[in-house]
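A.B. asks: Compute the structure for the input listed below.
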Amino acid sequence: MKEYRYKINGNLYKVAVGDIEENNHVRVEVNGTAYMVELEKKKAPKIKPVLRTASTSPAAPPPAISRPAPIGGVSAVRSPLPGVILEIKVKEGDAVKRGQTLMILEAMKMENDIKADRDGKVTAIKVSKGESILEGTDLIIIE
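C.D. replies: Predicted coordinates:
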C-alpha cells in the first residue's frame, strides 16, 4: 500500500491506497477507516493515423542530460519545489540512509517528504524551520 498525508482545510488525513484489483476496485484506508473504491474505467485513446512521406524522417533523440558527479563524495539535497520548511527531522552529524525522510516541505498546500538520495552523514543543514525557499535551493549537505 502507498501511504499519503493530505491537509485539507487544516485537517490532516492519512491515506493508504492499495493495488488495483481485477474489477477496478481499490482498497483505500483514510485515518484508519477502510473503504472499497471503484475506479472509473479508462477509455481507449483515439489513435490518429500518421501519413509519412519520403521526405519525413524521424526526429533525432534529445541529448542526454548528465549531472556532474559529486566532488569528494559530497552532495546537496535540493528542494524540488518552492515552499516552506515545516519540520527538520535530522541534525548535523546524523548518519542517514537512502530514502530516509530528512525534512517536510509544504508546497502548494501539501506536505512533501524530502528524502535522502544516498547513504551518508549530514554535514550541514542549510535551511531552518519556517523558512521560505525556492526550487533548487540546497537544503542539506550529505557526505
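A.B. asks: For the chain, which segments are assigned as helices?
C.D. replies: Using DSSP state H, the chain contains no helices.
A.B. asks: What's the local residue count around the residue nearest to residue 12 when sequence neighbours are not counted?
C.D. replies: With sequence-adjacent residues excluded and distances taken as C-beta to C-beta, 6 or more residues apart in numbering, residue 12 is closest to residue 5, at 6.5 Å. Backbone N, C-alpha and C define where each C-beta goes, glycine included. One way to gauge burial is a neighbour count; for residue 5, by other C-beta atoms under 10 Å, it gives 13.
A.B. asks: Tell me how far residue 5 lies from residue 111.
C.D. replies: Residue 5 is 6 Å from residue 111, where distance means C-beta to C-beta, to the nearest Å.
A.B. asks: which residues touch the residue nearest to residue 12?
C.D. replies: The contact partners of residue 5, by C-beta atoms under 8 Å, 6 or more residues apart in numbering, come to 12-15, 111.
A.B. asks: partner residues bridging it?
C.D. replies: residue 14 (DSSP bridges).
A.B. asks: Check what pLDDT it gets.
C.D. replies: The predicted local confidence for residue 5 comes out at a pLDDT of 89.
A.B. asks: Low-confidence ranges, this protein, go.
C.D. replies: Scanning the chain for pLDDT under 70 picks out the ranges 43-44, 51-72.
A.B. asks: which residues of it fall in strands?
C.D. replies: Listed in chain order, the strands of the chain (DSSP state E) span 2-8, 11-20, 25-30, 33-38, 75-78, 83-88, 95-96, 101-107, 110-115, 120-125, 132-133, 138-142.
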